[in-house]
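> whatever this is, show me its structure:
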Amino acid sequence: GKLTSEQDKPSEKLNMPFGNPQNGPIHVAGAVKGDVIAVQIHDIAPRGPQPAGTTVLMHGFGGLVATSNTAMLHDPLPEMVKKMTVDRTGIQFNDKIRLPYEPFLGTLGVSPEIEAVSSVQPDYWGGNMDLPDMAPGAIAYFPVHHEGGYVYLGDCHATQGDGELAGAAVEMPATVTIQIDLIKNWSIRWPRLENEEFIMAIGSTRPMEDAARIAYC
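The predicted model follows:
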């Protein structure tokens, strides 16, 4: 809700790293370490006044931009805000381009074991994974690290490609319907995800080689 106009500048309006607010935590009765929490995503509906969709280009954000740690040969991309009307029939990018409505949860996870972490970070607890497969009809599985599990969710997207390379996806406020189930005595180390077509392993860690090894398992 911070960016209300296409004339806004993200660097002036957003207070990073507090740019990924979440809903929760949700205490799951009976969940203890060694169990698994299953979250089935039933529905993601756009909420609030239009234009409900927002995407941005902002300094230091995205896989193809320069940061303080990874300098690039080009200047930072100019800051830009794009507002779009979003409903279940599609996303009106402009007068000529209409994008499909492909909603998913950018962030979904449980409490980590010992860390106090940013909701921007993904790891063994889930978190800000930005996976388009985390969509209605999918079931995500998370290892329980604390009594109660503490499920949280947010960062709803109306559509996105395979990553946020030059900025953000089409971010939107949303009403989300989920179902939480508890699987006793099933121990997994990393989140898993399934839908009607695939069973997936999710690897989020550093270095990238280790993330790939986790995803292979």
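> packing partners for the longest helix along the chain?
Scanning the chain for the helix with the most residues, using DSSP state H, yields helix 208-216. In terms of contacts (3 or more C-beta pairs under 8 Å, 6 or more residues apart in numbering; DSSP states H and E), helix 208-216 is packed against strand 199-201. Every C-beta, even on glycine, is put in place using the N, C-alpha and C of the backbone.
> any idea how far the strand it packs on is from the chain center?
Strand 199-201 sits 17 Å away from the centroid of its parent chain (C-alpha atoms, centre = their mean, to the nearest Å).
> for the record, mean pLDDT for it?
Mean pLDDT, strand 199-201: 95.
> with stretch 103-110 instead?
Per-residue pLDDT over stretch 103-110 has a mean of 97.
> returning to what we had before: residues of the longest helix of the chain that come out buried?
Judged by neighbour count (16 or more other C-beta atoms under 10 Å), helix 208-216 contains these buried residues: 211, 214.
> would you map the helices across the chain?
Secondary structure of the chain (DSSP H): helices at 10-13, 208-216.
> what is the neighbour count of Thr85?
When counting by other C-beta atoms under 10 Å, one arrives at 14 neighbours for Thr85.
> is it in contact with Pro49, as I believe?
No - contact status for Thr85 versus Pro49: not in contact, 10.2 Å apart, counting by C-beta atoms under 8 Å.
> sorry, back to before: how far out from the middle of the chain is the longest helix of the chain?
Going by C-alpha atoms, centre = their mean, the spacing between the C-alpha centre of helix 208-216 and its chain's C-alpha centre is 19 Å.
> what does that helix contact?
With C-beta atoms under 8 Å, 6 or more residues apart in numbering as the contact definition, helix 208-216 has outside contacts at 190, 201-205.
> again, only this time at 10 Å
For helix 208-216, the surrounding residues in contact (C-beta atoms under 10 Å, 6 or more residues apart in numbering) are 122-124, 189-191, 200-205.
> show the buried residues in these.
Buried residues within those, defined by neighbour count using 16+ other C-beta under 10 Å: 122-124, 190-191, 200, 202-204.
> looking at those residues, which is nearest Ala38?
Comparing those against Ala38 with C-beta to C-beta picks out Pro191 as the nearest, at 10.8 Å.
> in this structure the closest one contacts Gly203, no?
Yes - between Pro191 and Gly203 there is a contact under C-beta atoms under 10 Å: 9.1 Å.
> give the intersection of the neighbour lists for the two.
Overlap between the neighbourhoods of Pro191 and Gly203 consists of 122-124, 214, taking contacts as C-beta under 10 Å, 6+ apart.
> what sits against the residue with the largest distance to the centre of the chain?
Farthest-out residue of the chain from its mean C-alpha position, per C-alpha atoms, centre = their mean: Leu73, at 29.1 Å. Leu73 sits next to Ala66 when contact means C-beta under 10 Å, 6+ apart.
> for it, give me the pLDDT.
We have a pLDDT of 71 for Leu73.
> now for the buried ones among the contacts of helix 208-216, which pair is the farthest apart?
Of all pairs drawn from those, the greatest distance, 16.5 Å, lies between Asp123 and Met200 (C-beta to C-beta).
> rewinding a little: next step: the buried ones among the contacts of helix 208-216 restricted to strands.
Restricting those to those inside strands, with DSSP state E as the criterion, leaves 122-123, 200.
> between these, which is nearest Gly53?
Using C-beta to C-beta, the shortest approach to Gly53 within these belongs to Pro122, at 23.0 Å.
> nice, that's everything, thank you.
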